[in-house]
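[1] Pasted the sequence and its predicted model underneath.
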Amino acid sequence: MPRLRTLHFAALVVSVSLAAGMPAHADSVRSGSGFAVAPGVVVTNAHVVEHCRGLRVLHGEQARSGRVLAIDREQDLAVVQTGLPVPAVLPLRAGPALRLGESVVAFGFPLAGSLSREGNLTTGNVSALAGLRDDARYLQITAPVQPGNSGGPLLDEGGNVIGVITAKLDAVAIAKRTGDIPQNVNFAVNGQRLERFLQDTRVAYEKRVTDRQIAVADIADIVKRAAVRLECSSSGEPTSAQAARPSQSLDPVPVPPAAEGPAIAGQAPALADAERGAVIAQLRVASVRTPYPTTSPDLRALTIVNDSSASVYKVTVGWLEVPSARCPAAVSAYRGRKDVYVSLAPGTTTTTMSNFPATARLFCIVDAALSPARSKPAAPRDAPAFENERPQAEQPAPPNEDHL
């Protein structure tokens, strides 16, 4: 069976997951990638964070400690909790079913200390819907990946997560055996396995239907806000890891009994900020449905309409547990609020999935984040643009040789 080459220094000296040439017993640092699926919650590979005694989560110039909450070594997935304020979360793809040949985007922080500290993006296609020997856990992709990409998100053309980058075929070993060099044979844990892992560990996450294509440059702006670099050191305080099906992991998302009466989509209230408020007044939740009322009564599919002439990449949805004819003007009047990341060009509609209390009955847009370059209602129709993060100072030395 061809050897899988995991993007992790334990398997490859070339990987900057550990300082090159460092003996196993010495203090060392390895790095990998990850991405936020909820505030303070980061997904990555198990092989990136296991056996860490010290774990740091980095985004831009900010860094905070991390704590491993759950690991599934068989699926090569892990959840890390951190106090780092990551600006965005990435939704999982809610549908349609992934097809062979679809375009994909991979993002991560490969070869730290050698390549760009702002992250690297590559593109490719889904070349197979299974891994080696039809392993159903994986997708095979052609997007180039390097050591350090491990744990990074694999996105579709709508900017939704369809997998977690995990491994590549060991081209040198295959070339020695066959005399031919395999090209662009890389693997990601598929989105279904990721979603099952998050459910098993009781982690809240968002889902969104891929109903339109987004320019790759705009996907880059979105993913940079949610992607993080992870540094695992062999010194420092140990991290706390639990099995994938722990008796206690993350605090469970409460699922209250469903109340009677349908959910209501409300019109946005007028805000004091005239510039942004004029746009928010033209954003509305057109419909709300509960796609899985028996198994997931808190998962709602919201159809959001942008009747303004501005591009919107985030809306804040407020909800009430009692029906009302109008949305309250005071934001404090809502029972709760939640940020939902969207991709709404002027005059477009999107459907996104997110968890809300099953008792929520009225949904209103109470705030929105506009593209900085298109913040005025009169701005031309365009896709979102986001501020680039500044690079983080690096510590690891560049890699030297590749031991197979």
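    That came through, no problem.

[2] residues in contact with the spatially most central residue of the chain?
    Closest residue to the average C-alpha location of the chain: Leu90 at 3.3 Å, with CA atoms, centre = their mean. Leu90 makes contacts with Phe35, Ala36, Val37, Pro153, Leu155, Gly159, Asn160, Val161, Ile222, Val223, Ala226, Tyr341, as judged by CB atoms under 8 Å, 6 or more residues apart in numbering. In this view, the C-beta of every residue, glycine as well, is placed from N, C-alpha and C.

[3] Point out the ones among those that are inside helices.
    Taking DSSP state H, the ones among the contacts of Leu90 that sit in helices are Ile222, Val223, Ala226.

[4] Near Arg361, how many other residues are there?
    Residues lying near Arg361 (other CB atoms under 10 Å) number 21.

[5] Next, it: phi, psi?
    phi -120, psi -30 (degrees, to the nearest 10).

[6] how would you label the residue nearest to it when sequence neighbours are not counted: helix, strand or coil?
    Closest residue to Arg361 apart from its sequence neighbours, by CB to CB, 6 or more residues apart in numbering: Pro323 at 5.1 Å. With DSSP: H, G, I helix; E, B strand; the rest coil as the basis, Pro323 sits in coil.

[7] Would you map the strands across the stretch 51-200 of the chain?
    54-59, 62-72, 77-82, 92-95, 103-108, 120-128, 138-141, 153-155, 161-169, 186-190 (DSSP state E, counting those that start in this stretch).

[8] Okay, buried residues for the second one please.
    By neighbour count, with 16 or more other CB atoms under 10 Å as the criterion, the buried positions of strand 62-72 are Ala63, Arg64, Ser65, Gly66, Arg67, Val68, Leu69, Ala70, Ile71, Asp72.

[9] Let me know the pLDDT of the fourth one.
    Taken from the predicted model, the pLDDT recorded for Gly66 is 93.

[10] Now do the contacts for it.
    By CB under 8 Å, 6+ apart, the contact set of Gly66 is Val42, Val49, Leu55, Arg56, Val57, Val80, Gln81, Thr82, Leu84, Leu230, Thr239.

[11] And these, which is closest to Arg208?
    Minimum distance to Arg208 across those is 18.8 Å, recorded for Val42 (CB to CB).

[12] Tally up the residues packed near the closest one, please.
    Using other CB under 10 Å, Val42 has 28 other residues around it.

[13] Tell me which helix or strand it sits in.
    Taking DSSP states H and E as the definition, Val42 sits inside strand 41-44.

[14] quick one on the thing from earlier: can I get the ones in helices among the contacts of Leu90 in TSV with distance to Leu362, pLDDT and neighbour count?
    Formatted as TSV, the ones in helices among the contacts of Leu90 follow (distance: CB to CB, whole Å; pLDDT from 0 to 100; neighbours: other CB atoms under 10 Å):
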residue	distance to Leu362	pLDDT	neighbour count
Ile222	29	94	23
Val223	32	96	24
Ala226	29	95	23
